[in-house]
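Visitor: have a look; sequence and predicted model below, questions after that.
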Amino acid sequence: TKNDKKVGYKGIGFKAVFMQSSLVYIQSGGDCCFKFDKKECFDLLSQKLKTELIGPNGPSYDDVPWQIIPIETEPPLELNINGFNVVIYIKMSRPVELLPRIDKLLKETEFLLFLKATLVSVSLFDNNKLITGISRTRRDEIVELAVNETVISRWMMHAESVDVTPEVREYIAQNVSSVPEKLRDTNQIEVTFSIKIGDDGKFMPLHNSVVYTYLPTSYGNLGVPYLINANFITDAGRQQLQKDSAWNKLIFREAPRLFLRWMSTLSHVHPEYYKVLPKRRAELSDKLSDVFFDALTGAIREIAFLPSATVRDKKVLAADAYIDRVGFSEVFGTKKFLDSVSTLFGCKYEEDCEVLDVDDSILSSYGVKIFDSDDVLRLLVDGKMLVGITAEDDFKLISFLHKRLTSTEEIENLRPVAFLLDDTNGLCVDRII
């Protein structure tokens, strides 16, 4: 296909097919059929070429480029192909050896994830006996992968496009041989993200993920808890990414921004969103991962994706967000708490910038300010929150501290702090606390 957004654009498949078969039929549209036949291709050569290729041990079929010479023919079998655009018949060279390997491959169903068709079904038979059947079904952004009609995993998919920049165009012009011909004239690169979800629809972070270029590569240095797929430029074996490629660097530079922008649309309906946020550092550092994590820093600074805890649908920048684990805002009110914070820490936060607390260090690493038990004493000593405190609020504070302060050290540190109202409505220290 000439559509660069379809898997067939990359030509994936036939190189591997010819490693396992010397006779392949392709039937297209019902009427058209041709084959790639190693032996017959040799027979079609002129006598002169045959003479040159015949050695002491017989014909040298391997010297004939039969893989690129289609021969018009009839289908090898009479099959009902209604509903199928293309049918491929492959005569396997070593079927007994290959059968268990194909069975194992099919059960690792993730290789189906980034195919474009809405419904994909692959079945493995041995003498008309079904060994394994796998399928991929897509409904909107949800993809289900099944083995033998049992769904084994669900994924949420999202695709965005990246414009090819003038700098990358210049790189292509100067490095023509390193960029596949099919990619040289494209104007956009499609980048697809895939998050694994459970039966309950909640995000499930991945471990040891690798980058995909429609099929999995061996590149796993990012360590992100989701999958990334794009038309990356790879080595000949399609396993290693070219780390000096400006094309690949463009994708890695744009991916963090695209992902956080997607998260900004999901974080309110998926409170577990933080589980699939990428860490701030790579598993293994290289030229590509350095580009990715430098770009992640910029994306965190620019994109508001954290859900406000108080205003529905509002998203907050990480640098503007805070979490009140202390709970003082419940005692004194959010405004008085934030005024005190502003004076003490020199940073101003808005009331609607509080985000939901999650028991995870990832938000702190993104720059979210977390007020926890270590800040209790500092806020009380500062005293701004205690100005004009009422007896009712003082009672709330005492109850709050009784619940919060559990260690002997915390209680001892509180002894010199004046936070109790006396009979003149002044603050005093409780000597027998």
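Guide: Alright, I've got the coordinates. Because the structure is a prediction, the values reported are computed rather than measured.

Visitor: contacts, neighbours, all on C-alpha from now
Guide: Will do.

Visitor: what's the nearest residue to residue 281 if we skip its chain neighbours?
Guide: Of all residues not flanking residue 281 in the chain, residue 293 sits nearest, at 6.5 Å (Cα to Cα, 6 or more residues apart in numbering).

Visitor: for residue 28, same thing?
Guide: Sequence neighbours aside, residue 86 is the residue nearest to residue 28 in space, at 4.5 Å (criterion: Cα to Cα, 6+ apart).

Visitor: next: residue 26.
Guide: residue 88 (4.6 Å).

Visitor: what is the burial count for that neighbour?
Guide: 14 (other Cα atoms under 10 Å).

Visitor: repeat that for the one 5 residues further on.
Guide: Burial of residue 93 is recorded as 14 neighbouring residues (other Cα under 10 Å).

Visitor: need the helix or strand of this structure with the lowest average pLDDT.
Guide: strand 58-59 (a mean of 68; mean pLDDT, DSSP states H and E).

Visitor: and what about the residue nearest to residue 281, helix, strand or coil?
Guide: Under DSSP: H, G, I helix; E, B strand; the rest coil, residue 293 falls in the helix class.

Visitor: which residues does it contact?
Guide: Each residue near residue 293 by Cα atoms under 8 Å, 6 or more residues apart in numbering is listed here: 256, 280-282.

Visitor: may I ask which of these has the most neighbours?
Guide: Ranking the contacts of residue 293 using other Cα under 10 Å puts residue 256 first, with 22 neighbours.

Visitor: what is the neighbour count of residue 84?
Guide: Residue 84 has 11 nearby residues by other Cα under 10 Å.

Visitor: swap that for residue 260, sorry
Guide: For residue 260, using other Cα under 10 Å, the count is 22.

Visitor: which residues in the stretch 251-400 of the chain form strands?
Guide: 306-307, 315-316, 322-324, 369-371 (DSSP state E, counting those that start in this stretch).

Visitor: start to end distance for stretch 49-64?
Guide: The first residue of stretch 49-64 is 10 Å away from its last residue (Cα to Cα, to the nearest Å).

Visitor: with stretch 190-210 instead?
Guide: Start-to-end span of stretch 190-210 (Cα to Cα) is 17 Å.

Visitor: how about the CA coordinates for stretch 177-185, as PDB?
Guide: These are the backbone C-alpha positions of stretch 177-185, laid out as PDB (Å, rounded to 0.1, in the frame of the first residue of the first chain):
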ATOM      1  CA  SER A 177      20.500   5.800   2.200                       C
ATOM      2  CA  SER A 178      19.700   5.600   6.000                       C
ATOM      3  CA  VAL A 179      16.000   6.500   5.500                       C
ATOM      4  CA  PRO A 180      13.700   4.000   3.800                       C
ATOM      5  CA  GLU A 181      12.400   5.300   0.400                       C
ATOM      6  CA  LYS A 182       8.800   5.000   1.600                       C
ATOM      7  CA  LEU A 183       9.400   7.400   4.400                       C
ATOM      8  CA  ARG A 184      11.300  10.100   2.600                       C
ATOM      9  CA  ASP A 185       8.400  12.000   1.200                       C
END
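
Visitor: pull the distance from it to the chain's centre.
Guide: Computed by Cα atoms, centre = their mean, to the nearest Å, the chain-centroid distance of stretch 177-185 equals 25 Å.

Visitor: check the spatially closest residue to residue 41 that is not a sequence neighbour and give its pLDDT.
Guide: Leaving out its chain neighbours, the residue that sits closest to residue 41 by Cα to Cα, 6+ apart is residue 66, at 5.8 Å. Note on residue 66: pLDDT of 86.

Visitor: hmm, back to that, give me the helices and strands touching the next helix-or-strand element following the least confident helix or strand of the chain, please.
Guide: Heading C-terminal from strand 58-59, the first helix or strand you meet, by DSSP states H and E, is strand 71-72. Judged by 3 or more Cα pairs under 8 Å, 6 or more residues apart in numbering; DSSP states H and E, strand 71-72 is in contact with strand 32-37.

Visitor: the strand it packs on: partners in the sheet, and parallel or antiparallel?
Guide: Sheet pairing of strand 32-37 (DSSP bridges) gives strand 21-28 (antiparallel), strand 71-72 (antiparallel).
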